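A.B. asks: Provide a 3D model corresponding to the input given below.
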Amino acid sequence: MEEKLQRSMDRAIALLKTPKIYENYISIKLSPLDVGCCCSGCLSETWRMINRFIEPCGPVKHEGDALIEKDGNKFVLEQHESGPEIIVYFALATASATLAKSVIDLITTIIKGLSSEHRKQTPRIKISKRQIIKGKIEEENLIEIDIPIPKDITKQLEEKIKQAISKTL
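C.D. replies: Next comes the predicted model:
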C-alpha cells in the first residue's frame, strides 16, 4: 500500500509542480465497501457527475487524474478501481476553510453520484486520510457512512474533513 500511495503522490507532485516532500501531502481516499470497481467504465454516471463538477479542470479519464483549481486552491483527483482519491499539498493551502469547502463539495458530488448509481443497494463508504510520515503510512479512518447519506451525517462529514485538513496545516 505504501508504494501505491507514493505513486499517487508522485503523480500529484508532477501535476501540482510542488516539492517532493511526502510529509507535505495528504490523501483523502473514498472507498465504497459494498461496491466492486469504481472506475469510469463501471460507474460511468458517477464519473460524469464528477467531471461536470470539476469543469473546466479535467476531465478525469479512465484510471487517470486531474489537477483541480477551485477557489484559489489546488489539489489532485485520481480515479482508482478501489475508489476516488484526493491529494492535497497543504503548503499551497493558504486558506484552509476554502480548501476544506472545495474538498467537501467534491466528496459530496462523488457520494451523490454513487447514490444515483446504486439505488437498489445501499453501499457503505469509508473516507480515510492517509499521509506518509518518516517513510511510513499513517492512516486515519475519518468516517464510514451508508449511502444515501442521512442529513444528520452531512454536518459530521463536513467536520471530519475540515479537521483532517486543518490538522495538517
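
A.B. asks: avg pLDDT for stretch 128-135?
C.D. replies: For stretch 128-135, mean pLDDT is 90.

A.B. asks: what's next to that stretch, contact-wise?
C.D. replies: Here stretch 128-135 makes contact (C-beta atoms under 8 Å, 6 or more residues apart in numbering) with 2, 5-6, 9, 22-23, 25-29, 31, 137-142, 164, 168. C-beta coordinates here come from the backbone N, C-alpha and C atoms, glycine included.

A.B. asks: same thing but at 7 Å, please
C.D. replies: If you take C-beta atoms under 7 Å, 6 or more residues apart in numbering as the criterion, stretch 128-135 is touched by 5-6, 22-23, 26-29, 137-142, 164, 168.

A.B. asks: buried ones in it?
C.D. replies: With burial defined by 16 or more other C-beta atoms under 10 Å, the residues of stretch 128-135 counted as buried are 128-132.

A.B. asks: Kindly report the same for stretch 69-83.
C.D. replies: Applying a neighbour-count criterion of 16+ other C-beta under 10 Å, the buried positions in stretch 69-83 are 70, 73-80, 83.

A.B. asks: Need the distance between the two termini of it.
C.D. replies: From the first residue to the last, stretch 69-83 extends over 21 Å; the measure is C-alpha to C-alpha, to the nearest Å.

A.B. asks: and if you look at stretch 84-104?
C.D. replies: Across stretch 84-104, the straight-line distance between its terminal residues is 13 Å, by C-alpha to C-alpha.
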